[in-house]
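Enquirer: only geometry, no sequence info:
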């Protein structure tokens with residue numbers, strides 16, 4: 001059975017990986033592991049979007065039917081790669097770019113011991129998550145009723161059941177909310193097709209892989225900007241957040257959304273840095289930012305908030321830096337490719353585009369949610385102590401943030417948080433904040449992004465301290481010589 005699970009993520013990952021290395025064939029600032037991790041998320045998104053369009057065409061789901069466009073994409077990308085002017089070896093193993101940091105040599109034994117200790121602990125955590133993912137079935141009630149029951153229905157029906165006269169139209173009765181995006185549902189259908197049946201253990205193993213790739217992307221992205229120690233600590237503390245681990249072991253969509261949020265933020269930051277360096281080939285980062293942003297829309301309704309927030313931030317960047325607005329096409333194109341068919345489909349079948357039919361201010365303002373929010377982020381262990389650390393980092397590094405591109409990442413993050421808070425305050429959804437059934441899962445997808453921004457800010461703070469120290473030493477040396 002494990003070989004069928006490997007098959008389920010291998011083909012989409014190969015397709016996504018080939019797409020990544022072909023598009024970035026002229027860039028020398030990545031590595032093969034990071035490209036595989038980006039390829040996994042893109043490949044899985046591609047498979048579920050293909051299934052959605054097959055469903056719209058009333059083509060029955062089968063492994064062979066879905067493999068046709070997948071294999072076609074692999075063959076086409078392989079052809080492009082081997083006919084390009086860039087050697088395949090150079091695409092696979094681009095020079096590892098260190099960004100603003102320099103290669104570290106001559107580690108002290110204390111620093112080396114700390115790195116080895118946390119690396120070993122991180123590998124132990126990975127082994128635990130993989131082991132538990134291979135033995136635990138779908139076990140959370142809301143994971144089952146919100147996601148897996150609908151996925152099981154689509155699998156046995158071999159389609160989306162879009163006949164309005166059918167009493168189970170589009171999974172009605174098996175899905176609580178018909179306007180939930182389909183990525184989570186269809187990825188379970190894909191795994192089931194690969195295995196030949198709906199296995200309640202292996203059908204959710206894709207979330208284990210999203211866990212591993214999220215932590216991996218955080219490590220490599222931070223490493224590009226900072227030291228090995230800061231990168232490994234960032235990855236370690238994210239992986240050890242209890243709620244983050246818990247979601248890796250069930251079929252929720254929140255961890256998957258966290259992966260796409262982080263990937264979009266990483267590409268946004270690389271685009272910002274490319275602008276600051278005056279790099280001529282920078283729109284690739286904007287395109288990939290758009291791809292990952294589009295896949296947040298495709299993963300959960302909350303992805304719409306991510307899309308709006310990143311759109312505000314990237315437009316603000318173009319205004320301040322006076323970048324031609326035509327560049328925004330690279331960001332907006334993939335978002336439109338996903339958003340337009342999905343929302344047109346919902347509208348054509350009279351399904352609400354967002355939410356659960358809530359009306360703003362229908363029940364007044366609910367400021368009591370702030371106490372519940374504060375308790376969760378400061379007093380409960382679900383997220384480690386990242387929020388306390390984050391606030392301290394913002395206070396210490398506000399000057400660095402405002403004079404660097406970090407302000408654009410923070411703008412996007414604060415926009416997302418503000419919209420969440422407004423929805424909780426102004427609708428009946430406040431009850432999900434008070435009874436803790438929703439607020440934790442709304443915070444979780446932002447967790448990798450918060451760790452990433454924190455690590456970048458710490459890195460800039462340390463660089464400034466090092467620079468100041470060198471200036472002081474230089475002045476002291478000059479004074480001594482004088």
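Expert: Nice, thanks for sending it over. None of the values given here were measured: they were computed from a predicted structure.
Enquirer: Residue 153: neighbour count?
Expert: Per other CB atoms under 10 Å, the neighbour tally for residue 153 reads 21. In short, each C-beta sits where N, CA and C put it, glycine included.
Enquirer: do the same with residue 405
Expert: Residue 405 has 18 neighbours, counted by other CB under 10 Å.
Enquirer: Am I right that it is in contact with residue 274?
Expert: No. Assessed by CB atoms under 8 Å, residue 405 is found out of contact with residue 274, at 10.1 Å.
Enquirer: Not counting sequence-adjacent ones, nearest residue to residue 160?
Expert: Nearest non-adjacent residue to residue 160, counting by CB to CB, 6 or more residues apart in numbering: residue 55, 3.5 Å away.
Enquirer: I'd like to check which residues are in contact with the one you found.
Expert: Neighbour list for residue 55: 61, 159, 160, 162 [criterion: CB atoms under 8 Å, 6 or more residues apart in numbering].
Enquirer: how about residue 159, secondary structure?
Expert: Using DSSP: H, G, I helix; E, B strand; the rest coil, the structure places residue 159 in coil.
Enquirer: all helices for the stretch 51-200 of the chain, in order.
Expert: Assigned by DSSP state H, counting those that start in this stretch, the stretch 51-200 of the chain shows helices spanning 63-82, 88-92, 109-133, 141-143, 149-157, 183-195.
Enquirer: Ok, which of the ones you listed comes nearest residue 39?
Expert: Closest approach to residue 39 among these is made by helix 63-82 (10.5 Å; CB to CB).
Enquirer: ok now that closest one, how far from the chain's centre?
Expert: 25 Å (CA atoms, centre = their mean, to the nearest Å).
Enquirer: helices or strands next to that helix in the packing?
Expert: With contacts taken as 3 or more CB pairs under 8 Å, 6 or more residues apart in numbering; DSSP states H and E, helix 63-82 sits against helix 2-23, helix 32-56, helix 88-92, helix 183-195.
Enquirer: Including mean pLDDT, could these go into JSON lines?
Expert: Output for the helices and strands packed on helix 63-82, formatted as JSON lines (pLDDT from 0 to 100):
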{"stretch": "helix 2-23", "mean pLDDT": "93"}
{"stretch": "helix 32-56", "mean pLDDT": "96"}
{"stretch": "helix 88-92", "mean pLDDT": "76"}
{"stretch": "helix 183-195", "mean pLDDT": "97"}
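Enquirer: Adding distance to residue 253, write those helices out as CSV.
Expert: Listed next are these as CSV, based on distance: least, CB to CB, whole Å:
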stretch, distance to residue 253
helix 2-23, 17
helix 32-56, 11
helix 88-92, 32
helix 183-195, 4
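Enquirer: helix, strand or coil for residue 356?
Expert: Put simply, residue 356 is coil when judged by three-state DSSP.
Enquirer: which ones are touching it?
Expert: 177, 429.
Enquirer: Quick one: the helices of the stretch 51-200 of the chain as TSV, columns for distance to residue 300 too.
Expert: Listed next are the helices of the stretch 51-200 of the chain as TSV, based on distance: least, CB to CB, whole Å:
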stretch	distance to residue 300
helix 63-82	23
helix 88-92	33
helix 109-133	21
helix 141-143	13
helix 149-157	14
helix 183-195	8
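Enquirer: looking at the helices and strands packed on helix 63-82, which is closest to residue 252?
Expert: Closest approach to residue 252 among these is made by helix 183-195 (7.8 Å; CB to CB).
Enquirer: Next, report how far the closest one is displaced from the centre of its chain.
Expert: From the chain centre to the centre of helix 183-195 is a distance of 19 Å (CA atoms, centre = their mean).
Enquirer: ok, residues contacting that helix?
Expert: Residues from elsewhere that reach helix 183-195 (CB under 8 Å, 6+ apart): 1, 4-5, 7-8, 12, 44-45, 47-48, 51-52, 61-63, 66, 147-148, 150-152, 154-155, 171, 175, 198-199, 202-206, 251-253, 256, 295, 298-300.
Enquirer: again with stretch 196-206
Expert: 1, 4-5, 8-9, 44, 133-138, 148, 151-152, 155-156, 187-188, 191-192, 195, 249-251, 256.
Enquirer: Can you tell me how far residue 356 is from residue 61?
Expert: Going from residue 356 to residue 61 by CB to CB, to the nearest Å gives 28 Å.
Enquirer: just residue 324 next, same as before
Expert: Remark: distance between residue 324 and residue 61 (CB to CB) = 43 Å.
Enquirer: higher neighbour count, the two?
Expert: Per other CB under 10 Å, whichever of residue 324 and residue 61 has more neighbours is residue 61, with 21 against 8.
Enquirer: For burial, what's the neighbour tally of the nearest residue to that one once chain neighbours are set aside?
Expert: Excluding the flanking residues, the one nearest residue 61 by CB to CB, 6+ apart is residue 158, at 4.6 Å. The number of residues packed near residue 158 is 15, by other CB under 10 Å.
Enquirer: Check residue 237 too.
Expert: Neighbourhood size, residue 237 [other CB under 10 Å]: 21.
Enquirer: and it, what is it in contact with?
Expert: By CB under 8 Å, 6+ apart, the contact set of residue 237 is 384, 386, 451.
Enquirer: Give me the pLDDT for the last one.
Expert: The predicted local distance difference test score for residue 451 is 96.
Enquirer: Point out where the chain drops to low pLDDT.
Expert: In the predicted model, the chain carries pLDDT under 70 at residues 94-107, 280-281, 357-358, 360-361, 363, 466-482.
Enquirer: now do 80
Expert: Within the chain, the ranges that satisfy pLDDT under 80 run 1-2, 26-30, 86-109, 278-281, 355-364, 366, 379-381, 428-438, 464-482.
Enquirer: Which strand or helix spans the residue lying closest to residue 331 once chain neighbours are set aside?
Expert: Distance criterion CB to CB, 6+ apart; nearest residue to residue 331, sequence neighbours excluded, is residue 290 at 4.0 Å. Using DSSP states H and E, residue 290 sits within helix 283-299.
Enquirer: Next, the buried residues of the next helix or strand after that helix.
Expert: Per DSSP H and E, the first helix or strand lying C-terminal to helix 283-299 is helix 303-321. Neighbour counts over helix 303-321 (16 or more other CB atoms under 10 Å) mark 303, 304, 305, 306, 307, 309, 310, 311, 313, 314, 317, 318 as buried.
Enquirer: which ones are touching residue 334?
Expert: By CB under 8 Å, 6+ apart, the contact list for residue 334 reads 287, 290, 291, 293, 294.
Enquirer: which SSE is it in?
Expert: Residue 334 belongs to helix 328-348, assigned by DSSP H and E.
Enquirer: Now do that helix against helix 283-299: the angle between them, please.
Expert: Helix 328-348 and helix 283-299 are oriented at 20 degrees to each other (axes from the mean of the first three to the mean of the last three CA atoms, to 10 degrees).
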